[in-house]
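> Structural data only, the sequence is not supplied:
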């Protein structure tokens, strides 16, 4: 069960409205790696957690914090939209092209649909959807998903930081960037613990090794002309799982045959078989 | 530019048709972490790569291999669908409930839409979409996305391995599981190289640290009642980036104020202001 | 069965082309509460109607009118796009920023994809989809959906009315606003009739009351700090269904236990159980 | 900011696992009118609220409760999936058609993707998306959206109640049905207050009446052959807004002309104009 | 403007309910090539038509007929769902696996969401969306889209015809198959007229030939190993547009250079440039 | 299996960066008829091909070429984005409205999400999805889908050609326009061969004619008022399949009855039956 306090986790007050920037900022609210994604991802990993209670608690701690980040960004966006599109400015459009540019650059749904409110959508207006989340039941896999989400997320917020000079907005973003710093560190720490406890780094660690085709499990196939890729630790030396050495295959060839598919039964009306004669 | 040979990278021939299993197998062809995703993800990272040529080559090597995986799985699915829905069996449905179950369990689009062909969709028939891919221009972030994809992918293929007894299908899957083993190792190796060269593990490593709110960058907020989460390396000890110690905040409180949003202008027809008096 | 006449239900002729406004106007054609939505929603409610013939007829009367609204808006949008992007203006872009702004503000698909035609999409270019419709078989529920759609729709058209000065566009919109006025009144009238005939206002009225957990059916839970919400008719006094008084629960507590999920079977390769020891 | 306690708002424990029912139950978790929808809808209405603080508090109170409903349903679904697909049963499929039916009826992603966890998707596996929410800034419109959501939601939960005999599941659903009873009453009470304070029932109440085409604002157009629809309060008598009487138009005719669209400029390569000669 | 009569264009009455078949039949109502698609496609081509009035009328004639096809299929599906899931049968599920299979094979939304009504979705429950339509403003291109839609559509209905023995359903489908026969012929006739009038068969016929790279405009590139493809009229002989002979290029080579992308500016935080040294 | 060479099939180098044009160009990379669509469509038709080997080879030849087109366009877009948004220009926005317009016209995800890389999305940022592809198993149907795709595709590239003056971009587009010329010719040639070999032009040619309702298979229904449509080869004369003459039905009437749907069972809680009395 959840409880809410009205105070924000951190400041979310721009110095000035800026509806064009509000549109861009939607990316880290409702985009693929926005706050809605991590909120939903950590909460669903928590709801579904069948592992140790400390992981469940970890997921709810960070997941619940992320609801507060959704709240902060939504508030920040709403304030960036204050009074937009300014009615008097609207009448100036024909004479003042700078205002026309602002009008053109806004997300029109911020006026028409949400009445100057944040939208659960990204910077091109595409709505958030639940295929952005992952909760597989395998925590090592999922913590890697979480590390990825925090890495992409901090990258996007950093880029947005550079796209504004507003000190209020930058203040909020500096908080989010720092929290993403914390969360990257935390998921890395959790990943290392799981790798250590499971005694392997290849997910899933419990699939029987003798059932995979071990003879190709350390090959690197040079399928793109040129072998610059041979100069990397992924192509030579001991593999990170410490079992075998990588093998660089300069000219990879097919192991399988040329496939032939039998004709479909007549009642599917595929291309009729007489054509194949 | 690309070239094709008709031979498959590896065998893709089931012992028997099994249209219900064909439906399930779609997950690792056209699902969130199916082969279409990694194919598109690595190729787009390659197309867009502005970094060292060896990374560009690495991405095209693995990305091009993944097109072959798409081909193998599509072939395997088409063969699992051979002769389905068997017309004579169809007439037996009322008398033979096992056949009825098979009919009910098929993806109907395998008959109606694709005429016994693989679909670029997942195991519930949801079409693949490009929001599954990520290519951010920051390779450390993206290689983490790739490691995540290979981890989720190998997990899903392993589960599918257990859901069939068909030796031909298991043969194909044992190959894919092994290649995902290789790719996990390879992305881990590449991640470690980048972390070492960039001298940091927090993405993006180049965002100036003095611009983030450093005082909250190592906090762990216990927002979910109970502190099982304090017993983990994410909540105490030196953070993985070796800069600070984590701080476990037992009772996190808001740093920000209660927000107040100003009324919208009259011409948006939001709830009218007299109500606020 | 349906018939078409070429005449429009009402005028749809702007005084001047305005491709930026055409983009915005798409919202009420192909958006969540645009004319395509109400057309499809009322027609599907009509097709599926298992209730009294007068409701079926009501649904087809208004649903068929909505096809005409789709036609009017599509025509209006096509005319707002006349001659856009003006080729000569295009060459002026570098010297005339007002024209650049217009080019930047257009939906590029209006030129590239539809050749100056209306799109079945909203103001950010997101395509209409059928999850916007509802036809549940319960008319009281559905008429509330219809009232909601007409309320959001009239709100959006009103906002769009303020975003233009074109007298031709405003003429069309004044017609649509008036029809939404009519439809809101009509759905309210129909809702009242159903509430009266069914003898209850809680959907579905036929679910046996003794099967719901009646002791929590009139509670208001104050889960957000602060109790401004206690000052409203939703928190105190007789409930609108006239059965009980609302109960304001100042400090709501969980009624349920802390959940514990059992480990998954080994063949799903979730996080392995030894970690839980 | 938000806080979590581990205890559930109410019981969520089925008597027995039932993976086929788990699939169906997803509808009210991740469907159009599932708990994720109302959670997101009320929270975004709250984040964006520019009206009186009591409405903001109301929205956060109910919105925060809905997060707990998401948690309960996710937990219930995870438990319905315990041990599915049962490995030993799986081997029985050829000999036992009842088991085959169960396998066929499961959502395969519950095994392959989520490892026996709930998915943020509906009963056909379609992922939740944010176009299900509405937060328009006009509370009368939005509270009608909320009443609609609670009406559809209670209807769907009631239907699901009838589709199971499991006493544990029914216990949980009886709680949710009761809470939807409460919320329907509460949104009705809030709607009535707003209608009373705004002095009108037509959204938006503040759009100037003289700007709408008043002469068609009370017409009912009989566009579908047959006039059963004339026998209803939507077609005759005083309209609910008490301004005019409805007018039933037996044979509605177009008010507008036949549209003609001018040819597109040559550089769009539409069908060339010589064809029109 | 549009008018409706209650009579169906043709019979839509199954001999018996069959909820599993109802699910499959959704494909040709709400799928990619279902009746909703052609309805919307032809109507939008009509709304946007800037060409000769006879094409506009043609589009409205067939487009308006398609609304009637939507109506027929929706009615047919609703009747196939009559009384499903049969409550008494539901209680037999544990003892009667044939009934269990039926329950498992239904689209659960037919019970939970639509209350035994048709859905605007396809046979896997994926909702119809407007990216299925095309209306480009170039009628030769669009009539080819229409011919494609009628070809795929008739193929799918033919397959569905074979999947049932119900004489009532087959009666309806025999009508739709015949109408698709008519429409294929009609679009072919219209295509031939346009090709003849425009004097070319390559869309768009008005793009200046001297602006395309004519030297590669008749090449066939053998990019897939093996040259079975050389034995076809697409690889040799006079091209259908009668301008040049096809040229079969046995070993196609790149015409372009190896691309190199310059580093991104620092403020985007892409992989830092020192790594490239 | 597939192989890659680093050289591009043709030049992809703009004379100057142009981030606004980059956004528009996305349409033919990731739009409904962009290069990703034809790549996936031809490859899936190839993977699933159960017909003559020459058709399989044809599909792989053209499908593999299309991967190279994806590569060229992605490269071109990345280069159009070089150095955007120019940081110094960004600071000029307030004083220089032309720059503001450029900023407003960019796809913000090109900066925030992809770090100056191409996106697998269209010109409004909507992600590519697999419902754009078709592979039905009936090659005559599918080659018509392919001809349609190449027609729409060449039309869109032609329009984009006119929207730029950049000689480098025009050079690339002149190549793509020529290749689409080749592919239209090639699919037309293949269609004619299949029509000839199958001895019919109505898809599917193998559905027994006596099972379709032949008496309506050559009718043209004038459902839209006005009979301009009678003046065309689709309404009179011998039908293209040479079997019958078209029949123009001036006043089409329904052949079917008025439908009546029986009430739903009580346990679905549809509108209760007493209302129908």
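Received it, and whenever you're ready, just let me know what you need. Quick caveat, the model's predicted, so the values are computed rather than measured.

> for chain A, what helix or strand is lowest in average pLDDT?
Every helix and strand of chain A was ranked by mean pLDDT, DSSP states H and E. The lowest is helix A:87-92, at a mean of 51.

> Give me every residue in chain A lying close to chain E.
A:155, A:158, A:159, A:162, A:267, A:268, A:269 (C-beta under 8 Å from any C-beta of the partner chain). Just so you know, the C-beta spots here come from the backbone N, C-alpha and C atoms, and that holds for glycine as well.

> any idea which of the residues you listed is closest to residue D:259?
residue A:269 (40.9 Å; C-beta to C-beta).

> okay, now the closest one: neighbour count?
25 (other C-beta atoms under 10 Å in any protein chain shown).

> In stretch A:182-195, which residues are buried?
Of all the residues in stretch A:182-195, those buried under the rule 16 or more other C-beta atoms under 10 Å in any protein chain shown are A:182-191, A:193-195.

> could you give me the average pLDDT of it?
If you average the pLDDT over stretch A:182-195, you get 98.

> wait, does it contact chain D?
No: among the residues of stretch A:182-195, none lie within reach of chain D under C-beta under 8 Å from any C-beta; the closest is 15.0 Å away.

> which of the residues of chain A next to chain E are close to chain B?
Among the residues of chain A next to chain E, chain B is touched by A:155, A:158, A:267, A:268, A:269 when using C-beta under 8 Å from any C-beta.

> Identify the farthest-apart pair in the residues you listed.
With C-beta to C-beta as the measure, no two of these lie farther apart than A:158 and A:267, at 58.4 Å.

> does residue A:63 sit in a helix, a strand or a coil?
helix (DSSP: H, G, I helix; E, B strand; the rest coil).

> so it touches residue A:39, yeah?
Yes: between residue A:63 and residue A:39 there is a contact under C-beta atoms under 8 Å: 6.3 Å.

> The longest helix belonging to chain A and chain C, any residue contact?
When chain A is parsed with DSSP state H, its longest helix is helix A:167-198. Yes: judged by C-beta under 8 Å from any C-beta, helix A:167-198 and chain C are in contact via A:194, A:197, A:198.

> what's around the residue of the stretch 151-277 of chain A found nearest chain D, how many residues?
The minimum distance from the stretch 151-277 of chain A to chain D, using C-beta to the nearest C-beta, falls at residue A:204 (9.8 Å). Neighbours of residue A:204 under the rule other C-beta under 10 Å: 26.

> And it, what's its pLDDT?
98.

> Leaving out sequence neighbours, find the closest residue to it.
Once flanking residues are discounted, residue A:204 sits nearest to residue C:269: 3.7 Å by C-beta to C-beta, 6 or more residues apart in numbering or on different chains.

> which residues of chain A fall in helices?
A:19-25, A:27-30, A:35-47, A:53-80, A:87-92, A:97-105, A:108-112, A:139-162, A:167-198.

> Do the second one and chain F come into contact?
Read that as helix A:27-30. Yes: judged by C-beta under 8 Å from any C-beta, helix A:27-30 and chain F are in contact via A:27, A:28.

> cool, the fourth one as well?
No: applying C-beta under 8 Å from any C-beta, one finds helix A:53-80 separated from chain F by no less than 13.6 Å.

> wait, does that helix contact chain B?
Yes: judged by C-beta under 8 Å from any C-beta, helix A:53-80 comes into contact with chain B through A:53-54, A:56-58, A:60-65, A:68, A:72, A:75, A:78-79.

> thinking again about what came up before, out of the buried residues of stretch A:182-195, who's nearest residue A:113?
For the buried residues of stretch A:182-195, the nearest to residue A:113 is residue A:183 (31.5 Å; C-beta to C-beta).

> Leaving out sequence neighbours, find the closest residue to that closest one.
Going by C-beta to C-beta, 6+ apart, residue A:183 has residue A:150 as its nearest residue, at 4.5 Å.

> Give me the neighbour count for the one you found.
Neighbour count for residue A:150, taken as other C-beta under 10 Å: 27.
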